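J.: A predicted structure for the sequence below; I have some questions about it.
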Amino acid sequence: MAHELVDSHCTRVLAREYFLLGACQAEVEALHLELADGRWYRFAIDAPGGGWRGEWLTDAPPAGAAEDDAESRHPLVDVAAHFGRQPARIERVSTRRLGKLAELVIEFHDGSRLVAHHRPPPGASSLVWVTH
């Protein structure tokens, strides 16, 4: 499905983080893209130990998650603002497995790449915006 994003103009990128007892457990457990036409697309880990999967959303992602409580939180972070970048037209989207590591790469028209890595618990996740 992610091939449907190619040539779409991305206007916002939000990452869903995961905190347990105040400590960040995952920098990214889901990545939400808003397109210029107002549609939203989400990438999430399929299951513990699984790869990234993508799906269209009917609405914008909620600010918090239904499972938020006193011990755990799942806030949304504006990725472009965090990295001081501006989303652009999507050139390519790819996912792959490297052992237990699941990788998602979104390449933009300006030559930059958004790279998300996820390892199953007790692993970690990371999100970087690579520029040339």
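T.: Everything's here; your move. Here the structure is a predicted model, which means the values were calculated and not measured. Residues are numbered from 1 along each chain as shown.

J.: which residues of this structure fall in helices?
T.: Ranges of helices in the chain, per DSSP state H, are 79-83.

J.: centre-most residue in it?
T.: Note on the chain: the residue nearest the mean C-alpha position is residue 31, at 2.0 Å, using C-alpha atoms, centre = their mean.

J.: how about the nearest residue to it, chain neighbours excluded?
T.: residue 43 (4.5 Å; C-beta to C-beta, 6 or more residues apart in numbering). C-beta here means a position set from N, CA and C on the backbone, and glycine is covered the same way.

J.: quickly list what that neighbour is bridged to.
T.: residue 31, residue 54 (DSSP bridges).

J.: circling back: ok, the residue nearest to the centre of the chain - contacts?
T.: Counting by C-beta atoms under 8 Å, 6 or more residues apart in numbering, residue 31 touches 13-16, 42-44, 79, 104, 114, 116, 127.

J.: can you give me the buried ones in stretch 14-24?
T.: 14-18 (16 or more other C-beta atoms under 10 Å).

J.: helices and strands of this structure: which one bottoms out on pLDDT?
T.: In the chain, the helix or strand scored least confidently by mean pLDDT, DSSP states H and E is strand 72-73, which has a mean of 75.

J.: what strands line up against that one, and which way round?
T.: Using DSSP bridges, the strands paired with strand 72-73 are strand 10-20 (antiparallel).

J.: contacts for the strand it pairs with?
T.: Strand 10-20 has contacts (C-beta under 8 Å, 6+ apart) with 24-36, 61, 65, 71-80, 87-90, 106, 108, 114, 116, 127.

J.: next one: stretch 52-72
T.: 1-2, 5, 14, 16, 18-21, 30, 32, 34, 39-46, 73-76, 93, 95, 102-104, 116, 118.

J.: beta partners for residue 95?
T.: Beta-bridge partners, per DSSP bridges, of residue 95: residue 104.

J.: can you turn the buried part of the contacts of residue 31 into a PyMOL selection?
T.: Per 16+ other C-beta under 10 Å, the buried members of these correspond to this PyMOL selection:
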select buried, resi 13+14+15+16+42+43+44+79+104+114+116+127
